[in-house]
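Engineer: Coordinates for the following, if possible.
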Amino acid sequence: MNYRTLTTLSRILTLCGLSILLFCAVTLVTGCAVPGWLSEVESIGELVGTLAGSLLTIAGRLTGNAAATAAGAAIQVGVEAAQAASSGLNSAIQAYKASPNESTLASVVAAIQATQSSISQIENIEGVPAAEQAAISEIIATLTQELQAAQSIVPLATNAVAGQTLTVTVPNGAATVKAKVQASLDKLPPAA
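Structural biologist: Numbering: from 1, shown residues only. Now for the predicted structure:
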């Protein structure tokens, strides 16, 4: 081979190598990236599941008579259901990540709604004293607000109809939500 052939061959190989490198970089950035809205919904689901457990603090305070003990047990059952629903939301998100399509997206929306429904079941349990009920209501309102924000984000992933107006609620950050839940717990009078 002569010098000219080697130079041409070297250029061709360099261009092929750069093309492969560019393809890999583009695939890595676009193909493997998780959409921002999905990360947001996922973090909300995990946060809700964790913070629903804070209601167990209130359930533990409910002792002393049969009605209070029964209310505490009902709260515990409700929290377990909310945490299971939150886990279901996480599973739906993982399914969507594995296969993003309309069906798995609908499953994410259904899981958000199921989590919201299970959390709302904890409110207004008979036998809960007023101070504890107020704290429960505040915590549920905070968690529900985050789930509604998550649900408002999901339509951004679907094909919106031209001219359609979408209302999106911006979720609070985890630190803000945790602080709101802790503030609700801090309002409780000392345990008897």
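
Engineer: which SSE is I153 in?
Structural biologist: Using DSSP states H and E, I153 maps to helix 130-153.

Engineer: what are the ranges of the helices in the protein?
Structural biologist: Here the chain has its helices, by DSSP state H, at 3-26, 36-52, 55-61, 66-98, 102-120, 130-153, 174-186.

Engineer: same for the helix holding I153, what does it pack against?
Structural biologist: Contact analysis of helix 130-153 by 3 or more Cβ pairs under 8 Å, 6 or more residues apart in numbering; DSSP states H and E lists helix 36-52, helix 55-61, helix 102-120, helix 174-186 as its packing neighbours. Where C-beta positions appear, they are placed from N, C-alpha and C, glycine not excepted.

Engineer: if we can go back for a sec, now the helices of the chain in TSV, with mean neighbour count and mean pLDDT?
Structural biologist: TSV is the format used below for these (neighbours: other Cβ atoms under 10 Å; pLDDT from 0 to 100):
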stretch	mean neighbour count	mean pLDDT
helix 3-26	10	51
helix 36-52	20	84
helix 55-61	20	89
helix 66-98	18	92
helix 102-120	19	91
helix 130-153	19	90
helix 174-186	15	87
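
Engineer: The helix holding I153 to helix 36-52, inter-axis angle?
Structural biologist: Here the directions of helix 130-153 and helix 36-52 differ by 170 degrees (axes from the mean of the first three to the mean of the last three Cα atoms, to 10 degrees).

Engineer: Restrict helix 130-153 to CA atoms and write it as CSV.
Structural biologist: Only the C-alpha atoms of helix 130-153 are listed here, as CSV (Å, rounded to 0.1, in the frame of the first residue of the first chain):
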residue,chain,number,x,y,z
ALA,A,130,-59.9,16.6,67.8
ALA,A,131,-56.2,17.6,68.1
GLU,A,132,-55.0,14.3,66.5
GLN,A,133,-57.8,14.6,63.8
ALA,A,134,-56.6,18.1,62.9
ALA,A,135,-53.0,16.8,62.5
ILE,A,136,-54.2,13.8,60.4
SER,A,137,-56.3,16.2,58.2
GLU,A,138,-53.3,18.5,57.7
ILE,A,139,-51.0,15.6,56.8
ILE,A,140,-53.5,14.1,54.4
ALA,A,141,-54.1,17.5,52.8
THR,A,142,-50.3,17.9,52.3
LEU,A,143,-49.9,14.4,50.8
THR,A,144,-53.0,14.8,48.6
GLN,A,145,-51.7,18.1,47.3
GLU,A,146,-48.5,16.4,46.2
LEU,A,147,-50.4,13.5,44.5
GLN,A,148,-52.6,16.0,42.7
ALA,A,149,-49.5,17.8,41.5
ALA,A,150,-48.1,14.5,40.3
GLN,A,151,-51.3,13.7,38.4
SER,A,152,-51.3,17.2,36.8
ILE,A,153,-47.8,16.5,35.4
